[in-house]
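[1] have a look; sequence and predicted model below, questions after that.
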Amino acid sequence: MPKCTNGFTLIELIMVLTLVGTLAVVVGPRIFATDGFDARGFHDETLAMLRYAQKSAIAQRRPVCVVFAARNAQLKIDADRSSATGAAGCEGDLTGPRGDAPGSITARGSVQYQAVPATVRFDGLGQALTGQTIQVVGAANTITVEAVTGYVRD
């Protein structure tokens, strides 16, 4: 009567464990590292905030500013509808699309802007006072705010 063998040999088990260990060392850090995802998410949130600010300026017919720090940005509005240039006049808090006042975004993890961007000011027509390029560390694309037109592009 032939002997029935079930299971794996010791060699097969060692080879499988070696392959699994190698994959864990190579693929594991890529799966659990979130900096790239956080950087892209912060880039997209910044892009959305700038577009929201421009649309809010047009809808309310008054200047709206996006004030930046190294790891966050806030929405401000010209509360008294003054025609001052620059960031002056943007002292009021503007409610963001999520209902937070002032509307703001904050980076997660170690994500931040390449350099702290200057305040972006949109007038009541949605035009930007000055053009600007914004870069998030770890994100491949840059955000550009066109001078005069205020067009925000990725």
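    Structure received.
[2] only C-alpha atoms from now on, for both contacts and neighbour counts.
    Noted.
[3] buried set for the longest helix seen in the chain?
    Taking DSSP state H as the criterion, the chain has its longest helix at helix 35-60. Judged by neighbour count (16 or more other CA atoms under 10 Å), helix 35-60 contains these buried residues: 35, 38-47, 49-58.
[4] which non-adjacent residue is nearest Gln135?
    Nearest non-adjacent residue to Gln135, counting by CA to CA, 6 or more residues apart in numbering: Thr142, 4.9 Å away.
[5] any figure for the gap between the most centrally placed residue in the chain and Phe68?
    Centrality entry for the chain: nearest residue to the mean C-alpha point is Phe42, 1.6 Å, by CA atoms, centre = their mean. Distance of Phe42 to Phe68, given as CA to CA, to the nearest Å: 13 Å.
[6] again, but for Val111
    Look at Val111 and Phe68: by CA to CA, they are 14 Å apart.
[7] so for those two, which sits in the more crowded spot?
    Set side by side, Val111 and Phe68 show more neighbours around Val111, with 24 against 19, by other CA atoms under 10 Å.
[8] counting contacts, what elements does the helix or strand encompassing Thr144 pack onto?
    Following DSSP states H and E, one finds Thr144 within strand 142-145. Packing contacts for strand 142-145, counted by 3 or more CA pairs under 8 Å, 6 or more residues apart in numbering; DSSP states H and E, involve strand 132-135, strand 152-153.
[9] most tightly surrounded among those?
    Among these, strand 132-135 has the highest mean neighbour count (mean count of other CA atoms under 10 Å), at a mean of 18.
[10] next, the residues that contact that strand from outside, please.
    43, 113-115, 117-118, 120, 141-147 (CA atoms under 8 Å, 6 or more residues apart in numbering).
[11] how about a cut-off of 10 Å?
    By CA atoms under 10 Å, 6 or more residues apart in numbering, the list of residues contacting strand 132-135 from outside reads 43, 46-47, 112-120, 141-147, 150, 152-154.
[12] just the buried ones from these, in PyMOL syntax?
    Command for PyMOL that selects the buried part of the contacts of strand 132-135, burial taken from 16+ other CA under 10 Å:
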select buried, resi 43+46+47+112+113+116+117+119+120+143+144+145+146+150+152
